[in-house]
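Let me see the structure of the following:
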Amino acid sequence: MDNIDKELLKEIADLEDTPKGAYNIRKNGQGIERKVTENVNIVTKTNVSGIDIYVKENTKFEFVHIPVIITESGLTDLVYNDFHIGENANVIIIAGCGIHNDHENDSRHDGIHRFFLEKNAKVKYIEKHYGEGEGTGKRILNPVTEVYLKEGSTLEMESVQIKGVDSTVRVTKGELEKDTNFVVTEKIMTHGNQYAETEFEVNLNGENASTHVTSRSVATEKSKQKFVSKIYGNTKCFAHVECDAIIKDEGKVQAIPEITANDIEANLIHEAAIGKIAGEQLMKLMTLGLDEKEAEEAIINGFLK
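This is a model prediction of the structure:
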């Protein structure tokens, strides 16, 4: 790997050295490095491009890194990754994609990730997206995440779009059984003419299943964002969806909530707030010695933390 590769891995996975635990590093459509452990096996798919990750039952507090980097302009990369998490396992999975594009052709990565959690399994899943480069070619990322939770299992997902992504359509789907919990935290910032679309669809099928989705975003300059959430309460369950956005310059944000209660004991809540930075917030920071631009940046950074 060269210096560009290393910088991309640092941005999307905080990697500055060999990853701890099991890992699979993909570059320009090909796996380039892999390590398995006693409890985590990684197998290349034979029918489509991608891998199967198998975590043994009762595995505790292991890390799995599966970052993707693209440095080839004009490349379209499509990958299917399936995670099979054994009963009572508890692991941290760090993914994400970084694109470096210095030329005029578009570079694109579409990652389809499916999570199958067995009874009482727990996963923390961290996914970061990042784009850079001096070329006019776009950096396009379209992640799809499908989550299937069996009784008592939990998946916590952190999704962050750092910067430099020209276009993204992000789809997250969940099928939740009894006593499961699906927690999603999303953070997105767009600028220029960038476009970001997010769609969540969660089916709460089992008694006492719950989900909490929090989306925080900032749209600046002429960028546009769209947030769609579809929550279906099919039994006694709980859901809370929050969409908070700051718009600046000519930025535009659209939030489309859809909550459907198919059971009298389904408790579903959706909250959305979109607006500019409040003048009193700016004034308060400016009295501390910051100029207006510095105050705006401080507010935005704090909002996206």
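
In the chain, spot the helix with the most residues.
helix 292-304 (DSSP state H).

Checking Ile4 next. Helix, strand or coil?
Following DSSP: H, G, I helix; E, B strand; the rest coil, the label given to Ile4 is helix.

what's the distance between it and Thr71?
Using C-beta to C-beta, to the nearest Å, Ile4 is found at 6 Å from Thr71. For every residue, glycine as well, the C-beta is placed using N, CA and C.

Same question for Tyr232.
Tyr232 is 41 Å from Thr71, by C-beta to C-beta.

Compare Ile4 and Thr71 and say which one has the larger neighbour count.
More neighbours surround Thr71 than the other of Ile4 and Thr71, with 19 against 15 (other C-beta atoms under 10 Å).

Now find how far off-centre stretch 210-229 is within its chain.
How far stretch 210-229 lies from its chain's middle: 12 Å, per C-alpha atoms, centre = their mean, to the nearest Å.

Quick check: buried residues in it?
Neighbour-count burial for stretch 210-229 flags 210-213, 215-220, 223-225, 227-229 (criterion: 16 or more other C-beta atoms under 10 Å).

Specify which member of those residues is nearest to Asn88.
Taking C-beta to C-beta as the measure, Asn88 lies nearest Ser210 of the buried residues of stretch 210-229, at 19.9 Å.

Who does the closest one form a beta bridge with?
Going by DSSP bridges, Ser210 is paired in beta bridges with Asn181, Phe238.

go on, Gln161?
Under DSSP bridges, the beta-bridge partners of Gln161 are His129, Ile188.

what's around Ile70, how many residues?
When neighbours are defined as other C-beta under 10 Å, Ile70 has 25 of them.

Quick check: it vs Arg170, distance?
17 Å.

ditto for Gly192
18 Å.

Now do the strands in the stretch 1-150 of the chain.
Secondary structure of the stretch 1-150 of the chain by DSSP state E, counting those that start in this stretch: the strands cover 22-27, 30-35, 40-44, 50-55, 60-65, 68-70, 76-85, 90-94, 97-100, 107-117, 122-132, 139-149.

Now mean pLDDT and distance to Lys252 too, for those, in JSON lines please.
Putting these into JSON lines (pLDDT from 0 to 100; distance: least, C-beta to C-beta, whole Å) gives the following:
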{"stretch": "strand 22-27", "mean pLDDT": "96", "distance to Lys252": "34"}
{"stretch": "strand 30-35", "mean pLDDT": "95", "distance to Lys252": "38"}
{"stretch": "strand 40-44", "mean pLDDT": "98", "distance to Lys252": "41"}
{"stretch": "strand 50-55", "mean pLDDT": "98", "distance to Lys252": "35"}
{"stretch": "strand 60-65", "mean pLDDT": "96", "distance to Lys252": "36"}
{"stretch": "strand 68-70", "mean pLDDT": "96", "distance to Lys252": "28"}
{"stretch": "strand 76-85", "mean pLDDT": "97", "distance to Lys252": "28"}
{"stretch": "strand 90-94", "mean pLDDT": "97", "distance to Lys252": "32"}
{"stretch": "strand 97-100", "mean pLDDT": "96", "distance to Lys252": "24"}
{"stretch": "strand 107-117", "mean pLDDT": "97", "distance to Lys252": "23"}
{"stretch": "strand 122-132", "mean pLDDT": "96", "distance to Lys252": "20"}
{"stretch": "strand 139-149", "mean pLDDT": "97", "distance to Lys252": "20"}
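
and these as CSV, adding distance to Phe238?
Converted to CSV, the strands of the stretch 1-150 of the chain look like this (distance: least, C-beta to C-beta, whole Å):
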stretch, distance to Phe238
strand 22-27, 34
strand 30-35, 39
strand 40-44, 32
strand 50-55, 28
strand 60-65, 28
strand 68-70, 34
strand 76-85, 23
strand 90-94, 23
strand 97-100, 32
strand 107-117, 19
strand 122-132, 19
strand 139-149, 14
